[in-house]
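Enquirer: Provide a 3D model corresponding to the input given below.
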Amino acid sequence: MLITIYVFMPYYVASVAATPVEGQALVARAGQIAGWAVALTAPLMGVVVDRLGPRKPALTMTVLAMVPLYFAMWFVTRDGPIGPALFIAIAAGKSMLFAWTEVFHNSLLMSAARGQTAQTSGLGLALGNFTSVIMLVFVLWAFSLPGSVDWSFVPSAPLFGLDQATHQPARITGPIVSVSLLLGLALILWGVPDVPSKGERLGSAVRKGLSDLGSMLRELKTEREAAKFLAARMLYVDGKTAILLFSGVLAAGTMGWQTLEMLAYGIILSILAVGGGLLAGRLDPRIGPKAAVLLEIAVTALVLVALLGTRPDQIAWFPASAAPLFQGPMFTTGPELAFIGFAGISAISITAAYASSRTLLTCLVPPERVGTFFGLYALSGTATMWLGPLLVAWGTIATQSQQGGFAMVLLLLAAGFVTLLFVKAPPRALH
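Expert: All right, here's what the predicted structure looks like:
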């Protein structure tokens with residue numbers, strides 16, 4: 001939330017890169033490289049760690065490798081020691097390592113939940129969003145609002161003597177995330193039981209893990225509808241993930257928002273995203289998870305079209321006044337409010353689609369094979385993770401505009417929508 005979506009990457013695009021267009025292309029290139037690396041490594045890591053047993057050693061090494069990369073973001077300035085090539089390496093490296101941590105800590109869920117998997121999973125998601133909001137609010141209160149507003153509960157100057165003129169409130173998010181990673185790792189090492197060792201050596205686990213991956217893929221031959229659904233999900237999730245990755249970059253470059261506005265923007269969208277999960281819980285039983293996913297993809301695509309046509313002087317492609325509607329520290333114009341509104345609807349529909357997709361898969365496969373297909377489900381989420389950033393990079397460079405690059409995401413959403421139409425869902429997936 002702080003680094004990828006709302007604060008640091010938008011800061012890089014708006015204030016470090018030569019132009020917002022070049023910045024978006026560089027961020028997309030880093031995502032593309034990370035996506036290739038994750039697609040080649042994450043699925044194998046999952047099956048290997050299943051064969052080895054313990055997750056904590058691999059999780060510890062991965063988190064410790066991430067910490068210096070995030071801390072290095074403090075030194076990313078226009079004239080600083082970290083140039084574009086090194087920045088791409090840092091950004092791609094932290095994204096790849098972050099995906100690895102998800103493999104390891106997600107695989108700790110069963111041992112941590114102790115028979116309450118669904119409740120623990122939901123609580124983890126809720127606490128993750130809640131923590132993100134708290135961290136965004138803290139950075140807003142401690143570093144960005146001071147000096148900008150005359151509110152009694154806000155410090156008169158940024159804490160720790162940070163200088164807003166040199167964008168230190170945005171850069172401090174790197175060290176903040178480094179500390180949060182170490183705290184989270186300490187909690188897991190202290191309080192979460194690990195999986196017992198299975199006594200297998202690493203080399204043997206890798207060889208047999210490759211065989212396990214082949215067996216998982218062969219399962220697709222016997223469940224055609226599930227295979228079509230996974231193909232559809234691979235496409236539309238790539239599109240939705242690209243929207244999450246680049247929505248902050250688009251906002252900063254298009255609307256000219258700085259760290260103060262981006263923090264508030266992130267808080268609003270993070271809160272609204274929680275509503276997406278609640279919405280899916282109501283839609284799925286009423287219209288069926290397949291119809292729910294189709295509706296959620298369609299809403300995301302329509303809102304994206306409107307978002308691409310919203311700029312400081314227009315709303316959804318229609319001219320609009322840039323004059324303030326009221327007095328306030330931020331978001332005072334019609335186009336700004338419209339941008340937040342469209343982005344908020346997108347956040348809700350994207351979160352809802354993630355939730356409805358899981359429900360749909362459980363309806364398409366026999367209960368005794370759900371575990372295997374959730375392994376393939378994870379694989380479909382990483383196999384083409386690079387495609388969205390690649391299309392955004394190509395579109396941005398070809399059109400020399402942020403909107404042109406972002407519009408490429410519509411191709412992924414459309415392809416996923418059409419593919420999902422051909423999935424024959426059983427009655428339990430229709431109502």
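Enquirer: Glu200 - that's part of a strand, no?
Expert: No. Membership of Glu200 in a strand is not supported by DSSP: H, G, I helix; E, B strand; the rest coil, which gives coil.
Enquirer: contacting residues for it?
Expert: Glu200 makes contacts with Arg51, Leu52, Gly53, Lys208, as judged by Cβ atoms under 8 Å, 6 or more residues apart in numbering. To be clear about C-beta, it is placed using only N, CA and C from the backbone, and glycine gets the same treatment.
Enquirer: name only those of those residues that count as buried.
Expert: With burial judged by 16 or more other Cβ atoms under 10 Å, the buried subset of the contacts of Glu200 is Arg51, Leu52.
Enquirer: can you redo the contacts of Glu200 as CSV with secondary structure, distance to Met61 and pLDDT?
Expert: Below are the contacts of Glu200 laid out as CSV (DSSP: H, G, I helix; E, B strand; the rest coil; distance: Cβ to Cβ, whole Å; pLDDT from 0 to 100):
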residue, secondary structure, distance to Met61, pLDDT
Arg51, helix, 18, 81
Leu52, helix, 13, 83
Gly53, coil, 16, 80
Lys208, helix, 22, 84
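Enquirer: can you put the contacts of Glu200 in CSV and add distance to Arg114?
Expert: As requested, the contacts of Glu200 are exported to CSV (distance: Cβ to Cβ, whole Å):
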residue, distance to Arg114
Arg51, 23
Leu52, 21
Gly53, 17
Lys208, 28
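Enquirer: between the contacts of Glu200, which is nearest Lys94?
Expert: Leu52 (24.7 Å; Cβ to Cβ).
Enquirer: what sits against the nearest residue to the closest one once chain neighbours are set aside?
Expert: Nearest non-adjacent residue to Leu52, counting by Cβ to Cβ, 6 or more residues apart in numbering: Ala205, 5.1 Å away. By Cβ under 8 Å, 6+ apart, Ala205 lies in contact with Val48, Arg51, Leu52.
Enquirer: in three-state terms, label Ala205 for me.
Expert: Put simply, Ala205 is helix when judged by three-state DSSP.
Enquirer: from the chain's centre, how far out does the helix or strand hosting Thr41 sit?
Expert: In this structure, Thr41 sits in helix 20-52 according to DSSP states H and E. In terms of Cα atoms, centre = their mean, to the nearest Å, the gap separating the centre of helix 20-52 from the centre of its chain is 12 Å.
Enquirer: tell me the buried residues in that helix?
Expert: Under the neighbour-count criterion of 16+ other Cβ under 10 Å, helix 20-52 has 20-21, 23-39, 41-52 buried.
Enquirer: what ranges do the helices span in the stretch 51-200 of the chain?
Expert: Assigned by DSSP state H, counting those that start in this stretch, the stretch 51-200 of the chain shows helices spanning 56-71, 84-106, 109-113, 117-139, 168-171, 173-191.
Enquirer: which residues touch Ser144?
Expert: Neighbour list for Ser144: Pro158, Gln164, Pro169, Thr259, Leu260, Leu263 [criterion: Cβ under 8 Å, 6+ apart].
Enquirer: nearest residue to Trp151 in space, ignoring adjacent ones along the chain?
Expert: Nearest residue to Trp151 in three dimensions, chain neighbours excluded: Leu145, at 7.3 Å (Cβ to Cβ, 6+ apart).
Enquirer: then Ala301?
Expert: Of all residues not flanking Ala301 in the chain, Leu413 sits nearest, at 4.6 Å (Cβ to Cβ, 6+ apart).
Enquirer: contact partners for that neighbour?
Expert: Neighbour list for Leu413: Leu235, Tyr236, Gly239, Lys240, Ile297, Thr300, Ala301, Leu304 [criterion: Cβ under 8 Å, 6+ apart].
Enquirer: next one: Ser321
Expert: Listed by Cβ under 8 Å, 6+ apart, the contact partners of Ser321 are Asp313, Thr333, Gly334.
Enquirer: in strands, which of those residues appear?
Expert: Residues of the contacts of Ser321 located in strands (DSSP state E): none.
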